[in-house]
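In: my questions concern the predicted model and sequence given below.
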Amino acid sequence: MTEITRREFALLTAGASVAAASQLPRPALAAGPAKIIVIGGGPGGAAVANRLKSADANLDVTLIEPKEKYTTCFQSNVYLGGFRSFKSLTHDYTGVKKRGINVVTDTATAIDTSAKTVTLARGTSPLRYDRLVVAPGIDFKYETIEGYSPEAAKIMPHAWQGGEQTWLLKEKLLALPNGGLVVMSVPSNPYRCPPGPYERACMIAHFLKTKKPNARLILFDAKKTYSKQAVFEEAFDEYYKGIVEINLTNEIDDFNVVKVDAKTGIVTTKAGRTERAALANIIPAQKAGAIASHAGLTEGDWCPVHPENFTSTKARDVYVLGDAAIANDMPKSAYSAVSQAAVVATDIIASLEGKPRVRGTYRNTCWSMVAPDNSAKIGGDYVPATKDGKPYLEVKEPFISKPDDSAELRRQTYQESADWYRTIVADLFGEMPVKAER
């Protein structure tokens with residue numbers, strides 16, 4: 001596949017066009033032109049806006065998103081491994097606009113939940129809403145790692161938000177000296193996409209194996225265990241032995257990365273181990289997008305919600321979904337966000353019509369590519385329940401790939417993930433996505 005140039009990257013992040021065709025389920029029709037504002041144009045925000053508009057074309061639905069183009073973080077590891085182009089991950093909102101949704105390219109800077117208004121960075125007056133959906137994704141707790149900052153991330157990219165950071169990490173991989181050392185850091189839970197760092201480790205290892213065979217990858221993890229661990233351990237042993245070194249925190253050594261030096265490339269763990277990286281991929285601890293805390297929707301780092309419909313526990317007629325929400329057993333993933341969006345849209349319609357509101361049920365699947373034509377998955381159904389006397393969202397009928405799955409089953413799982421990506425971006429952005437390029 002051909003890597004894009006800086007000029008092509010600038011064009012990709014500026015704007016393009018798409019065509020529409022939604023297959024999203026339709027909730028019950030709403031009555032009247034109620035005003036619904038959705039903050040955040042990622043999977044959760046785009047999905048709920050689309051579902052609402054497909055339910056009733058008369059609804060006044062406004063989607064607020066600061067970027068003209070959205071580059072998916074999901075499947076970005078596959079791009080790093082060389083199995084997708086950057087272009088195939090990047091989508092604009094032309095198709096969303098064609099559905100009759102008002103897409104505002106701006107940043108929401110304030111929410112007044114009493115007056116039911118949203119203030120925009122470039123807006124002249126606040127926008128009024130009847131229902132508000134907040135899907136701001138994640139922000140980073142840079143302060144948890146000494147020496148790390150948004151400026152340092154330009155040298156030691158996290159690439160845990162799609163877009164420039166994704167592209168930057170790939171550029172640095174391409175420029176890595178053969179024999180250079182890559183160092184990754186993985187934070188404590190919770191964070192976006194629990195198995196994501198280990199899929200990334202596999203994809204970087206594949207890149208090194210095929211492009212920089214004398215280079216190595218060292219991973220420091222603040223946790224003692226991780227999602228799909230048995231499957232990943234099998235992959236590291238089978239495909240990447242001698243390339244990848246995994247360091248999990250244990251009773252003796254704490255491998256949480258606590259300090260970095262962007263100038264020298266030195267990465268330091270809490271246990272005192274240091275490595276000088278030619279390329280450092282530092283993934284810091286995370287929190288809900290800034291607008292959520294500014295609006296008083298957070299409790300700690302994340303937003304508490306009622307699990308039956310993802311209404312905020314902090315404000316009336318406000319919903320929080322996707323990565324920013326506290327969803328208990330349900331992981332922070334694109335699939336989760338879209339599943340939550342279906343429940344949120346249905347609940348909004350019911351509330352506007354004054355009809356009974358049904359407790360939602362949810363589903364998630366997370367795929368991870370470990371080698372060419374070889375993917376594993378984990379997921380389950382999620383239902384509202386009670387735990388320790390409090391509302392809780394718990395997993396039912398979980399499933400997970402096994403280390404000894406056949407090559408054919410793993411190939412089918414890889415194809416399933418590719419098919420899902422094509423379907424979901426068509427649903428979200430109203431386009432036929434660019435085919436993945438090898």
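Out: Right, received. Where do you want to start? Numbers count the residues shown, from 1 in each chain.

In: what's the biggest helix by length in the chain packed up against?
Out: When the chain is parsed with DSSP state H, its longest helix is helix 407-429. Identification of packing neighbours for helix 407-429 by 3 or more C-beta pairs under 8 Å, 6 or more residues apart in numbering; DSSP states H and E yields helix 43-55, strand 90-92, helix 94-98, helix 334-353, strand 362-371, strand 374-387. (C-beta placed from N, C-alpha, C; glycine too.)

In: how about 6 Å then?
Out: Packing partners of helix 407-429 (3 or more C-beta pairs under 6 Å, 6 or more residues apart in numbering; DSSP states H and E): strand 374-387.

In: strand partners (parallel or antiparallel) of the strand it packs on?
Out: Sheet pairing for strand 374-387, assigned by DSSP bridges, gives strand 362-371 (antiparallel), strand 390-400 (antiparallel).

In: got the angle for the longest helix of the chain vs strand 374-387?
Out: Interaxial angle, helix 407-429 versus strand 374-387 (axes from the mean of the first three to the mean of the last three C-alpha atoms, to 10 degrees): 60 degrees.

In: okay, now the domains of the chain?
Out: Here the domain parsing of the chain from automatic domain parsing is 6-139+287-360+407-429, 142-284.

In: what about the closest residue to Ala341 other than its chain neighbours, how many neighbours?
Out: Closest residue in space to Ala341, ignoring its immediate chain neighbours: Ala47 at 3.6 Å, by C-beta to C-beta, 6 or more residues apart in numbering. A total of 28 residues lie near Ala47 under the criterion other C-beta atoms under 10 Å.

In: my read is that Ala47 contacts Ala342, right?
Out: No. Using C-beta atoms under 6 Å as the test, Ala47 is too far from Ala342 to be in contact (7.2 Å).

In: sorry, back to before: okay, the domains of the chain in CSV with mean pLDDT and distance to Lys387 next?
Out: Below are these laid out as CSV (pLDDT from 0 to 100; distance: least, C-beta to C-beta, whole Å):
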stretch, mean pLDDT, distance to Lys387
domain 6-139+287-360+407-429, 90, 8
domain 142-284, 98, 16
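
In: present those as CSV; the columns should include distance to Cys366.
Out: Shown next, in CSV, are those (distance: least, C-beta to C-beta, whole Å):
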stretch, distance to Cys366
domain 6-139+287-360+407-429, 5
domain 142-284, 6
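
In: out of these, flag the one nearest Ser401.
Out: Ser401 sits nearest to domain 142-284 of all the domains of the chain, at 5.5 Å, using C-beta to C-beta.

In: okay, how far is it across that closest one, tip to tip?
Out: The straight-line separation of the ends of domain 142-284 (C-alpha to C-alpha, to the nearest Å) is 6 Å.

In: centre of the chain to that domain, how far?
Out: 18 Å (C-alpha atoms, centre = their mean, to the nearest Å).

In: same question, stretch 308-315
Out: The answer for stretch 308-315 is 21 Å, by C-alpha atoms, centre = their mean.

In: got the buried residues for the helix or strand where Ala235 lies?
Out: Element membership for Ala235 (DSSP states H and E) is helix 229-239. Across helix 229-239, burial judged by 16 or more other C-beta atoms under 10 Å covers Val231, Phe232, Glu234, Ala235, Phe236, Tyr239.

In: do the same with stretch 404-424
Out: Buried positions in stretch 404-424, judged by neighbour count with 16+ other C-beta under 10 Å: Asp405, Arg410, Thr413, Tyr414, Ser417, Ala418, Trp420, Tyr421, Ile424.

In: and the furthest pair within these?
Out: Asp405 and Ile424 (23.8 Å).

In: tell me, how many residues neighbour the closest residue to Val320 other than its chain neighbours?
Out: With sequence-adjacent residues excluded and distances taken as C-beta to C-beta, 6+ apart, Val320 is closest to Cys303, at 4.1 Å. When neighbours are counted by other C-beta under 10 Å, Cys303 registers 31.

In: where does Cys303 fall, phi/psi-wise?
Out: Dihedral pair for Cys303: phi -100, psi 120, per degrees, to the nearest 10.

In: how about it, what does it touch?
Out: Ala288, Ala292, Leu297, Val320, Ala324, Ala325 (C-beta atoms under 6 Å, 6 or more residues apart in numbering).

In: who wins for neighbours among the residues you listed?
Out: Result: Val320 is most packed of these (other C-beta under 10 Å), 34 neighbours.

In: chain center to the longest helix of the chain, what's the gap?
Out: Mean-position distance between helix 407-429 and its chain equals 16 Å (C-alpha atoms, centre = their mean).

In: ditto for stretch 85-95
Out: For stretch 85-95, the distance to the chain centre is 15 Å (C-alpha atoms, centre = their mean).

In: could you do stretch 296-309 as well?
Out: On C-alpha atoms, centre = their mean, the centre of stretch 296-309 falls 18 Å from that of its chain.

In: can you show me the helices along the stretch 101-250 of the chain?
Out: With helices called from DSSP state H, counting those that start in this stretch, the stretch 101-250 of the chain shows them at 164-175, 196-211, 229-239.

In: packing partners of the longest one?
Out: Okay, so that is helix 196-211. Against helix 196-211 (3+ C-beta pairs under 6 Å, 6+ apart) you get helix 76-81, strand 216-221.

In: equivalent analysis for the first one, please.
Out: Under the contact criterion of 3+ C-beta pairs under 6 Å, 6+ apart, helix 164-175 touches no helix or strand at all.

In: relative to helix 196-211, how tilted is that helix?
Out: Here helix 164-175 runs at an angle of 30 degrees relative to helix 196-211 (the same axes, to 10 degrees).

In: out of the strands paired with strand 374-387, which one sits most buried?
Out: Among these, strand 362-371 has the highest mean neighbour count (mean count of other C-beta atoms under 10 Å), at a mean of 23.

In: now do that strand: distance to the chain's middle.
Out: 12 Å.

In: would you put the C-alpha positions of it in PDB?
Out: Taking C-alpha atoms only, strand 362-371 is exported to PDB below (Å, rounded to 0.1, in the frame of the first residue of the first chain):
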ATOM      1  CA  TYR A 362     -26.900  -3.800  24.800                       C
ATOM      2  CA  ARG A 363     -24.300  -5.700  22.900                       C
ATOM      3  CA  ASN A 364     -20.600  -5.400  22.200                       C
ATOM      4  CA  THR A 365     -17.900  -7.100  20.100                       C
ATOM      5  CA  CYS A 366     -14.300  -6.200  20.100                       C
ATOM      6  CA  TRP A 367     -12.100  -7.600  17.400                       C
ATOM      7  CA  SER A 368      -8.300  -7.700  17.500                       C
ATOM      8  CA  MET A 369      -6.000  -8.500  14.600                       C
ATOM      9  CA  VAL A 370      -3.000 -10.500  15.800                       C
ATOM     10  CA  ALA A 371      -1.400 -11.500  12.400                       C
END
